[in-house]
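Student: Turn this into a structure:
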Amino acid sequence: MIHKNFSSVRLIACSLLLVLFFVSCRKEAIDIQSPNNRRCTSYVEQFEAIWEGLDHTYVMWDQDTVDWDARYEKYRPIFASFDANGVDSATYVNTWKEVLSGLLDHHMALFLWNPTPGHKYCVLLSPNKLIRSTDYATQVQILRNQPGVTEFVEYNDTTGRYVSSVFCLLPGKSAGKKIAYLRFSEFNMGSLDTVTAPAAARVPFNAFYGEGDSSWFSGVTNGAVTRDNVESIIIDLRGNTGGNANDINTFITALLQKDFHWGYTRYKQGPGRYDYTGWEPLVFTCPKNHLATAKPIVVLSDVSSVSCSELSTYILKSIPNGYFIGEKTFGGTCALSPNTDITFNIYYSGCFGDQKLYEKRVPTYAEDFAYFMYSGTYKVVTTKYESLEGVGGQPDKEVPYSKSELEAGIDSQLNSALQYLRSGR
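Tutor: Sure thing, here's the model as predicted:
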């Protein structure tokens, strides 16, 4: 679910810079320390470091309704009692869940290291974790068995390094016409454009987009979507966990017919709760080798579609020829980077803490009460300044997930997409 940044999207600077000042009701003056360099030797120091880290870096304070100061007053004495009396692991973890409960950032995850004898462990605490996993294998098998399916090709990655993807053609609305289908598991397409990437991993994307002018994924060239017999498109993002936000630009612009302004972003420029920059428009520049003619596009997404996949769903839903079928998406849309050299030191927002705990699952110093907070760096809103964080994208046509139907060989969401493209309803 990692959004690295929006550097590949053209950002147009706003003329208005909003700077609001925050004075904590808990302290008249805050002794600001970088949340990346704090070493903690007790439960209460760990609590204070994480509380103050979020106080300075959380990018959603202008929208979140949690009383963060009240959380401090309530829970600091509890963590102090842990130091005085000890605490079991379950109570420790559940207390942290209570501290973070209700916060709007749905990317949020907290890595905790407890060096107390008998309790040395790393906890990955995700207060907003997904409620289910998408039944990928069954859905792909049902797709494979569709009447009239042709040119079916799948790359199923088992290494955890590359993108799993599926391409095929399905019968269209008119005789001899086709629907081009593309599904992929995450936004990590850049990993496929390396010398170590298996050639087979690029085949589904090549079949859909073509070979590209200078690289395999630089736009629509000789792929299936350029053919006259392909009249419409299905993009299946169900269960897509997101990834590198740069790939949104690469993935979508080839399907556009003109530049597209799809939203705004902003980050923080100081440690105060409301020290925000102005809003910067997010605009996709249509590449030279784009899809020449607009074709109907259905995007399939569900509650397990997160981050880049739900932003892409919203964008495809917003273009004139786009339509969204499935379920409301997860609601984790803040862009982020887990690199702490980029976050607090430059943007005063996003992930903070012990980088080694995040990368290696062990802290830099084993004796510390170490932590790593995984949280948003940029706030993203629509062109109407509406946030999808904690809300998700609403489908044009809602078709719920049905485990029993899938077990019976029926994919109602896919069937609804095919019906829409073949009949217009």
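
Student: what's the closest non-adjacent residue to Gln355?
Tutor: Thr340 (5.4 Å; Cβ to Cβ, 6 or more residues apart in numbering). C-beta: built from backbone N, CA, C; applies to glycine.

Student: Please tell me how far Arg238 sits from Cys351.
Tutor: As judged by Cβ to Cβ, to the nearest Å, Arg238 and Cys351 stand 27 Å apart.

Student: re earlier: what helix or strand is the residue nearest to Gln355 on?
Tutor: Using DSSP states H and E, no element contains Thr340; it sits outside every helix and strand.

Student: How about the most centrally placed residue in the chain: what's its closest non-neighbour residue?
Tutor: Most central residue of the chain, judged by C-alpha distance to the mean C-alpha position with Cα atoms, centre = their mean, is Ser307 at 1.7 Å. Excluding the flanking residues, the one nearest Ser307 by Cβ to Cβ, 6+ apart is Gly242, at 2.7 Å.

Student: Just give the number of residues close to that neighbour.
Tutor: 27 (other Cβ atoms under 10 Å).

Student: list the contacts for the residue nearest to Gln355?
Tutor: For Thr340, the contact set (Cβ atoms under 8 Å, 6 or more residues apart in numbering) comprises 36, 351-353, 355.

Student: Give me the residues contacting stretch 319-328.
Tutor: Contacting residues not belonging to stretch 319-328 are listed as 238, 256, 260, 294-303, 305, 313, 315-317, 392-401, 413, 416-417, 420 [Cβ under 8 Å, 6+ apart].

Student: Tell me which entries of those lie within helices.
Tutor: In helices, defined here by DSSP state H, the members of these are 313, 315-317, 413, 416-417, 420.

Student: List just the nearest of those residues to Val220.
Tutor: Val220 has its nearest neighbour among the ones in helices among the contacts of stretch 319-328 in Leu316, at 15.0 Å by Cβ to Cβ.

Student: who touches that closest one in this structure?
Tutor: In this structure, Leu316 makes contact with 235, 252, 255, 297, 299, 322, 324, judged by Cβ under 8 Å, 6+ apart.

Student: Who is the first one paired with across the strands?
Tutor: Think Ile235. Here Ile235 sits in beta bridges with Leu182, Val299, going by DSSP bridges.

Student: And the next helix or strand past the lowest-mean-pLDDT helix or strand in the chain?
Tutor: Scoring the helices and strands of the chain by mean pLDDT, DSSP states H and E places strand 10-11 at the bottom, with a mean of 31. Toward the C-terminus, strand 10-11 is succeeded by helix 43-57 as the next helix or strand (DSSP H and E).

Student: gap between that next one and the chain center?
Tutor: When distances are taken as Cα atoms, centre = their mean, to the nearest Å, helix 43-57 is centred 25 Å away from the chain's centroid.

Student: Test for you: state the pLDDT assigned to the closest residue to Ser101 other than its chain neighbours.
Tutor: For Ser101, ignoring the flanking residues on the chain, the nearest one in space by Cβ to Cβ, 6+ apart is Pro127 at 6.1 Å. Confidence per residue is given as pLDDT, and for Pro127 that number is 84.

Student: before we move on, what about Arg26?
Tutor: Per-residue confidence (pLDDT) for Arg26: 36.

Student: With Tyr374 instead?
Tutor: 93.

Student: Surely it touches Tyr358?
Tutor: Yes - between Tyr374 and Tyr358 a contact is recorded at 7.1 Å, counting by Cβ atoms under 8 Å.

Student: Overlap in contacts, the two.
Tutor: Shared contacts of Tyr374 and Tyr358 (Cβ under 8 Å, 6+ apart): 111, 338, 351.

Student: Which of these sits closest to Asp105?
Tutor: Of all the shared contacts of Tyr374 and Tyr358, the one with the least separation from Asp105 (Cβ to Cβ) is Cys351, at 11.1 Å.

Student: In contact with the closest one, which residues?
Tutor: 336-340, 343, 358, 372-375, 377.

Student: Now with 6 Å, please.
Tutor: By Cβ atoms under 6 Å, 6 or more residues apart in numbering, the contact set of Cys351 is 338, 340, 343, 374-375.

Student: Distance-wise, check it relative to Arg144.
Tutor: With distances taken as Cβ to Cβ, Cys351 is found 39 Å from Arg144.

Student: Does anything pack onto the longest helix along the chain? Which helices or strands?
Tutor: Ranked by residue count, the top helix of the chain under DSSP H comes out as helix 68-85. Applying 3 or more Cβ pairs under 6 Å, 6 or more residues apart in numbering; DSSP states H and E, one finds that helix 68-85 makes contact with helix 43-57.

Student: Recalculate using a threshold of 8 Å.
Tutor: Applying 3 or more Cβ pairs under 8 Å, 6 or more residues apart in numbering; DSSP states H and E, one finds that helix 68-85 contacts helix 43-57, helix 89-100.
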